[in-house]
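*Asks:* let's see this in three dimensions:
(one chain, ligands or ions: 2)
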Amino acid sequence: MQIHEIKRGFTIMYDYLIVGSGLFGSVFAHEAVWHSKSVLVVDKRPHIGGNIYTENINGIHVHSYGAHIFHTNNKRVWDYVNNLADFNRYTHSVIANYRGEIYSLPFNMYTFNKMWGVITPQEAQEKINSQREAAGITNPKNLEEQAISLVGHEIYERLIKGYTQKQWGRECKNLPAFIIKRLPVRFKYDNNYFDALYQGIPVKGYTAIIKKLLEGCEVKLNCDYFEHRSELEGLADKIIFTAPIDAYFDYELGTLEYRTVRFEQEILDGVNNYQGHSVINYTDKDTPCMRIIEHKHFYPGLELDKNFTVITREFSSEWRPGMEAYYPVNDERNTRLYESYKELAMTRCPNVIFGGRLGEYKYYDMDMIIIKALELADKIIA
Ligand code: FAD
Ligand code: UDP
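*Replies:* Ligands and ions are numbered 1, 2, ... in the order given. This next block holds a predicted model:
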């Protein structure tokens, strides 16, 4: 590999330039360094980790970009992350607050009991079946029909309709059915949010994992790829690009749409336990905030330990260029547009590999991100 001088602080040439120090970029970087490759990672934010970044506030590892619970069925991934950090035994569950009434999520026997007073799975199933039949839905075509056919119209009205419209800024009738299928429906008394064999949260937060993954790499923060494009592009044989794919092509085919989230964090001094649970969703349409997170409840054993607590309120809104992009809107238009960008990428820039949730315009959980980054590393790192 040729070594040469470069302008503005970059002095060597690298095997890989990685744009984005989120989980995807960091896992790939780790694998590359393991194979003795030289790696430069740049990120426009002032910190590493992308959306899984956690900030240590007096011993509470605060999830700065929303609740992140690691869950997977993949043993390779679970072993991988456990080699990097100790995980606690946190099992996720969510409480729904509908106009002051409390329900259990995901939908399970506790929810059905609270809603209808039913006791047995058979009673709950009968109730849902009768509501589905009354609605006349046989082949659900959108989120509303899917939700009613899964849990009936009362649960749909109280726990799904308002929340989903706030989250996506669209009527449930105009959203794809698959979104609601991410939530389990269980005819058991079981509030566990995820059907996963393995689940937990790193005891020292996610940033510690990213720090380990990036050992041996050069990292430049506050470095927007597009502001330094000309000097960065020539630096490496290959680019792993985890920023938005449409931005790479200067939006020449059009702009991909996202939903964004505003996180309002507050430290409550003198308050030991603000809401008694890690995540409470506000499922009516009139409460502007989607949910409130109380971070200490992600760390069993820490709840009563401190005379302060940190909470975050989440508000969802339409994304505009320049804002942080969180949730891809996988409707027909955006899916087609993404496919066109993918084709453009293959023909125009074979040395750039687009990965991660922004590079592939896909909502991935953390375990899938790790699988994808490891697969890529297995494939291209010789
Ligand atoms: P990112 O973390 O977004 O990393 C991309 C990086 O690229 C960022 O650091 C960004 O600053 C950088 N970048 C962007 N543009 C530029 C540029 N122009 N120049 C330089 N750098 C740039 N998954 C779970 O498994 N469990 C959960 O409980 C969970 N909860 C979630 C909650 C929320 C609110 C959200 C939004 C996601 C959640 N996820 C969860 C998904 C998880 O966040 C993702 O799987 C993961 O963060 C994706 O990693 P990534 O590296 O692809 O993207
Ligand atoms: N959802 C809902 N009510 C809730 C929680 C979730 O209707 O209280 C719906 C909503 O449409 C959401 C989907 O279920 O987009 C998936 O929920 P999940 O918790 O996976 O959402 P995310 O992790 O994307 O915030």
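
*Asks:* in which helix or strand would I find V310?
*Replies:* Using DSSP states H and E, V310 maps to strand 308-318.

*Asks:* mind listing what the residue of the stretch 201-350 of the chain found nearest ligand 2 touches?
*Replies:* Nearest to ligand 2, among the residues of the stretch 201-350 of the chain, is N281, at 3.9 Å (CB to the nearest ligand atom). All C-beta atoms are positioned from the backbone trio N, CA, C, and that covers glycine. Contacts of N281 were listed using CB atoms under 8 Å, 6 or more residues apart in numbering, and they are 94-97, 105, 163, 290-291.

*Asks:* ok, the strand holding V310 near ligand 1 or not?
*Replies:* No. Strand 308-318 lies apart from ligand 1 when judged by CB under 6 Å from any ligand atom; the minimum separation is 7.2 Å.

*Asks:* centre of the chain to that strand, how far?
*Replies:* Relative to the centre of its chain, strand 308-318 is centred 15 Å away, using CA atoms, centre = their mean, to the nearest Å.

*Asks:* right, and the helix or strand after that strand?
*Replies:* Downstream of strand 308-318, the first helix or strand assigned by DSSP H and E is strand 327-328.

*Asks:* mind giving me the packing neighbours of the helix or strand just after that next one?
*Replies:* Using DSSP H and E, the helix or strand that directly follows strand 327-328 along the chain is helix 332-348. Counting by 3 or more CB pairs under 8 Å, 6 or more residues apart in numbering; DSSP states H and E, the packing neighbours recorded for helix 332-348 are helix 245-248, strand 352-354.

*Asks:* a markdown table for those, including mean pLDDT?
*Replies:* Output for these, formatted as a markdown table (pLDDT from 0 to 100):
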| stretch | mean pLDDT |
| --- | --- |
| helix 245-248 | 97 |
| strand 352-354 | 98 |
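
*Asks:* for the strand holding V310, what is the average pLDDT?
*Replies:* Mean per-residue pLDDT for strand 308-318: 95.

*Asks:* tell me which other helices or strands that strand touches.
*Replies:* Contact here means 3+ CB pairs under 8 Å, 6+ apart; on that basis strand 308-318 packs against strand 60-63, helix 162-168, strand 258-269, strand 291-294.

*Asks:* what about the second one and ligand 2, touching?
*Replies:* Going back to what we said before, that points to helix 162-168. Yes. Against ligand 2, helix 162-168 shows contacts by CB under 6 Å from any ligand atom at 163-164, 167.

*Asks:* how about the first one?
*Replies:* No. Under the criterion of CB under 6 Å from any ligand atom, ligand 2 is not reached by strand 60-63; the shortest gap measures 12.4 Å.

*Asks:* is there proximity between that strand and ligand 1?
*Replies:* No. If you take CB under 6 Å from any ligand atom as the test, strand 60-63 misses ligand 1, and the best it gets is 8.1 Å.

*Asks:* hey, C-alpha coordinates of that strand in CSV?
*Replies:* What follows is strand 60-63, C-alpha atoms only, in CSV (Å, rounded to 0.1, in the frame of the first residue of the first chain):
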residue,chain,number,x,y,z
ILE,A,60,-26.3,6.1,35.2
HIS,A,61,-25.5,5.2,31.6
VAL,A,62,-28.1,7.3,29.8
HIS,A,63,-29.3,6.1,26.4
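
*Asks:* to the chain's geometric centre, what's the distance from the lowest-mean-pLDDT helix or strand in the chain?
*Replies:* Here the helix or strand of the chain ranked lowest by mean pLDDT, DSSP states H and E is helix 178-181, holding a mean of 88. Averaging C-alpha positions (CA atoms, centre = their mean) puts helix 178-181 15 Å from its chain's average.

*Asks:* buried residues in that helix?
*Replies:* For helix 178-181, the neighbour count (16 or more other CB atoms under 10 Å) marks 179-180 as buried.

*Asks:* doesn't the residue of the stretch 201-350 of the chain closest to ligand 2 lie inside a helix?
*Replies:* No. In this structure, N281 is strand, not part of a helix, as judged by DSSP: H, G, I helix; E, B strand; the rest coil.

*Asks:* how about the residues of the stretch 101-250 of the chain near ligand 2?
*Replies:* So the stretch 101-250 of the chain meets ligand 2 at 105, 159-160, 163-164, 167, 179-180, 182-183 (CB under 6 Å from any ligand atom).

*Asks:* hmm, 5 Å instead?
*Replies:* Taking CB under 5 Å from any ligand atom as the criterion, the stretch 101-250 of the chain approaches ligand 2 at residues 160, 163-164, 179, 182-183.

*Asks:* among those, show me the least confident.
*Replies:* Minimum confidence in these sits at R182, scoring 81.

*Asks:* of the helices and strands packed on strand 308-318, which is nearest V42?
*Replies:* Of all the helices and strands packed on strand 308-318, strand 258-269 sits nearest to V42, with 21.4 Å by CB to CB.

*Asks:* correct me if wrong: L358 contacts D246.
*Replies:* No. Proximity of L358 to D246 does not meet the contact threshold set by CB atoms under 8 Å, at 9.3 Å.

*Asks:* which of the two has more neighbours?
*Replies:* Counted by other CB atoms under 10 Å, L358 and D246 do not tie: L358 has more neighbours, with 27 against 24.

*Asks:* residues contacting the residue of the stretch 201-350 of the chain found nearest ligand 1?
*Replies:* Residue nearest to ligand 1 within the stretch 201-350 of the chain: A243 (3.2 Å; CB to the nearest ligand atom). Neighbouring residues of A243 by CB under 8 Å, 6+ apart: 19-20, 44, 225, 358-359.
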